[in-house]
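S.K.: model the structure of this input:
(one chain, ligands or ions: 1)
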Amino acid sequence: MTAGPVVIIGAGHAGFQLATSLRQHGFSERIALVNDEGHLPYQRPPLSKAYLKGTGGPDSLMFRPEKFYHDQKVDLISDRAVSIDRAARKVMLASGAWLDYGHLVLATGARNRLLDIPNANLDGVRYLRTLDESQSLRDHIAPGQRVVVVGAGFIGLEFAATARAKGLEVDVIELATRVMARAVTAEISEHFQARHTAAGIRIHLGVQVTSIESDGRKVTGVSLSDGRHINADLIVVGVGVLPNVELAAEAGLPVAAGIIVDEHLLTADPNISAVGDCALYASPRFGGSLRLESVQNATDHARCVAARLTGDPKPYDGLPWFWSDQGPDKLQMVGLTTGYDRVVVRGDRAAGAFSAFCYKAGQLVGIESVNRAGDHMFGRRLLAAHGSITPEQAGDTGFDLKSALT
Ligand SMILES: Cc1cc2nc3c(=O)[nH]c(=O)nc-3n(C[C@H](O)[C@H](O)[C@H](O)COP(=O)(O)OP(=O)(O)OC[C@H]3O[C@@H](n4cnc5c(N)ncnc54)[C@H](O)[C@@H]3O)c2cc1C
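M.R.: Coordinates of the predicted model:
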C-alpha cells in the first residue's frame, strides 16, 4: 500500500486507466494526472479509423467528461512535467509549479518518429498520433488529392484505406518487402496487400523515400530510392514511434528502448513506476524484455500498478492482444508471434476470413485473425491459460475450438 499522493505523468490510455483503477481499488489520497495535450484524455485508435473518416466530434473520443475527474477527485492538471527531483519526491511542471508524490508513475507514451530527409518539415508532411493531427487530416483530405503514405505499418495502412475510401489517389511506400512485415505473418501481409491493391491503393515495396519535392511553398511529390518520382499534394508519415524516456533518463533512471522496469513495472527507484508505450518491462511470461504499443498493454499495465499501490502486488502477466481496422477488414492478434517456426491457416483465405495460428517448437504462441473474431476470442482464453492445440487441430475447421477450453 503506497503512502502519499500518486502523481501520474501522461494522461493517455495508461495514465487515465491508472487514475480510474486506483479509485476503483479504494485509493483515497490525492491523484494528480498531468496532461500536456490540451484536450480531455482521449482514445487514440479511432484517430486513424472512424474519427478520420468523419464519425463523431472530439467529444466522442474522450474517455470521460470533465465531471468524472471532479467526481472521482482526480486532479487533471493541464501542464507538462519537465523534471523529477527523486530525493525530494517532487515533479516540476513547465508552469513552474511543483507536485509532491508518494509514488510517481511515468505514463509518457511515445511520439512519432520523424522523417529525416530534405523538405520533411514542409506543412504538407503530416503525422498521425494526436487528436490535433487527426483533426487536421480529417479537415483537409478531399477527393482527388494525391497522397503518399510513407510506411506500410498499421497506422499507414489504416490511413491509406480511409483516404482511398474518401476518393484520394493513394501511393504507399515501404522499405520492407511486404506490408506490416515487422508485426504479422506473410499470410496476413499477402491478404492485406491484395485487398488494398484491389481498392486502388498503389503499394511500392522494397523502396524508400529519399527526398520530398516542393515548388518552394508546398509539397509536390517524392523521390524514391529506385529513381522514380511520385507526384503528391500531401505526405503522411507512419514510420513508427519513439518512447518518451527523456524525463526518466534525466532523473537518472535506467532507460534503453524504453524506461526499464521489472516484472512489477517498477523502475530502479522504488517510488517510481512506468507503464504503457514508454515502459520496457521484464516479462516472466515471455522471458526477456518487451515494449509494446497497444491499448491492452497500456490498460493492463495500469491495472497491475493500481493493484500494487493499493496492497495487492503481483507480477505483470498480461497477454498481448491488438486490433487494426483496414477498409472492410478487421485484423485481430493475440499472443506474440515473433520467432514462430510454423504457421497453420484455419478458415478460408480466398473468402477473406481466416486465421494464422503461429507455432514455436510445437507450442501455439499467437493467432492472427482476419474477420474471424471467434478464433481471436478463443486464442485470448486459451493463451491466457498457457494452453495450446496441435497444428492439426488448428487447421481442421471440423475441430471444435471450444472443446480445447474445457
Ligand atoms: C492513430 C493510432 C491508432 C492506434 N490504433 C490502435 C489499435 O487499433 N489498437 C491498439 O491496441 N492500439 C492502437 N494504437 C496504439 C495505442 O493507442 C497506444 O499503444 C496507447 O495510446 C498507449 O497509451 P499510453 O498511455 O502508454 O501512451 P500515449 O497514448 O502516448 O499517452 C501518453 C501521454 O503522455 C503525454 N506526455 C508525455 N510526456 C509528458 C510530460 N512530460 N508531461 C505531461 N504529459 C506528457 C503525451 O502527450 C500523451 O498524451 C494506436 C495508436 C495511434 C496513434
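S.K.: interface residues of this structure facing the ligand?
M.R.: 9-15, 34, 36-37, 44-45, 47-48, 80-81, 107-110, 128-129, 155, 244, 247, 276-277, 293-296, 298, 322-324 (CB under 6 Å from any ligand atom). The way it works is simple: take the backbone N, C-alpha and C, and place the C-beta from them, glycine included.
S.K.: looking at the stretch 151-300 of the chain, what residue ends up closest to the ligand?
M.R.: Gly276 (2.2 Å; CB to the nearest ligand atom).
S.K.: what distance do you get for that residue to Gln296?
M.R.: 11 Å (CB to CB, to the nearest Å).
S.K.: so the two - more neighbours on which side?
M.R.: Between Gly276 and Gln296, counted using other CB atoms under 10 Å, the more crowded position is Gly276 (34 against 17).
S.K.: so the nearest residue to the more buried one once chain neighbours are set aside, which of the three states?
M.R.: Nearest-residue entry for Gly276: Ala14, 3.0 Å, with adjacent residues in sequence omitted and distances by CB to CB, 6 or more residues apart in numbering. Here Ala14 is helix, with the state taken from DSSP: H, G, I helix; E, B strand; the rest coil.
S.K.: Val179 now?
M.R.: coil.
S.K.: and for the one 3 residues further on?
M.R.: With three-state DSSP as the basis, Arg182 sits in coil.
S.K.: assess the claim that it and Ala176 are in contact.
M.R.: Yes: between Arg182 and Ala176 there is a contact under CB atoms under 8 Å: 7.3 Å.
S.K.: ok, those two, which is more surrounded?
M.R.: Counted by other CB under 10 Å, Arg182 and Ala176 do not tie: Ala176 has more neighbours, with 15 against 8.
S.K.: quick one, strands of the stretch 301-406 of the chain?
M.R.: 321-326, 329-335, 342-348, 353-360, 363-370 (DSSP state E, counting those that start in this stretch).
S.K.: could you redo these as CSV and give each row mean pLDDT and mean neighbour count?
M.R.: Below are the strands of the stretch 301-406 of the chain laid out as CSV (pLDDT from 0 to 100; neighbours: other CB atoms under 10 Å):
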stretch, mean pLDDT, mean neighbour count
strand 321-326, 97, 21
strand 329-335, 98, 22
strand 342-348, 97, 17
strand 353-360, 98, 22
strand 363-370, 97, 23
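S.K.: JSON lines please, covering these and showing distance to Gly240.
M.R.: Listed next are those as JSON lines, based on distance: least, CB to CB, whole Å:
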{"stretch": "strand 321-326", "distance to Gly240": "15"}
{"stretch": "strand 329-335", "distance to Gly240": "17"}
{"stretch": "strand 342-348", "distance to Gly240": "24"}
{"stretch": "strand 353-360", "distance to Gly240": "22"}
{"stretch": "strand 363-370", "distance to Gly240": "20"}
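S.K.: so which of those is nearest Gly26?
M.R.: Closest to Gly26 of the strands of the stretch 301-406 of the chain is strand 321-326 (CB to CB; 28.3 Å).
S.K.: same for the closest one, what does it pack against?
M.R.: Contacts defined by 3 or more CB pairs under 8 Å, 6 or more residues apart in numbering; DSSP states H and E place strand 321-326 against helix 154-165, helix 186-198, helix 295-309, strand 329-335.
S.K.: can you list contacts of that strand?
M.R.: 45, 49, 154, 157-158, 161, 192, 195-196, 294-296, 330-335, 376, 380 (CB atoms under 8 Å, 6 or more residues apart in numbering).
S.K.: run the angle between that strand and strand 329-335 for me.
M.R.: Orientation check (axes from the mean of the first three to the mean of the last three CA atoms, to 10 degrees): strand 321-326 against strand 329-335 gives 160 degrees.
S.K.: how far off strand 363-370 does strand 321-326 point, in degrees?
M.R.: Using the same axes, to 10 degrees: strand 321-326 against strand 363-370 is 20 degrees.
S.K.: so strand 321-326 versus helix 295-309, what angle?
M.R.: Using the same axes, to 10 degrees: strand 321-326 against helix 295-309 is 150 degrees.
S.K.: each with direction, which strands does strand 321-326 pair with?
M.R.: Partners of strand 321-326 in the sheet, by DSSP bridges, are strand 329-335 (antiparallel).
S.K.: give me the residues contacting the partner strand.
M.R.: Contact with strand 329-335 is made by 183-184, 188, 191-192, 195, 319-325, 352, 358, 364-373, 376, 379-380, 383, as judged by CB under 8 Å, 6+ apart.
S.K.: domain ranges for this structure?
M.R.: Domain ranges of the chain: 6-111+241-309, 125-237, 328-404, per automatic domain parsing.
S.K.: can you map out the helices along the stretch 51-200 of the chain?
M.R.: 66-71, 131-140, 154-165, 186-198 (DSSP state H, counting those that start in this stretch).
S.K.: next SSE after the longest one?
M.R.: Looking back up the chat, that one is helix 186-198. Next in sequence after helix 186-198, counting helices and strands by DSSP states H and E, comes strand 202-205.
S.K.: who are the packing partners of that next one?
M.R.: Checking 3+ CB pairs under 8 Å, 6+ apart, strand 202-205 ends up next to strand 169-174, helix 186-198.
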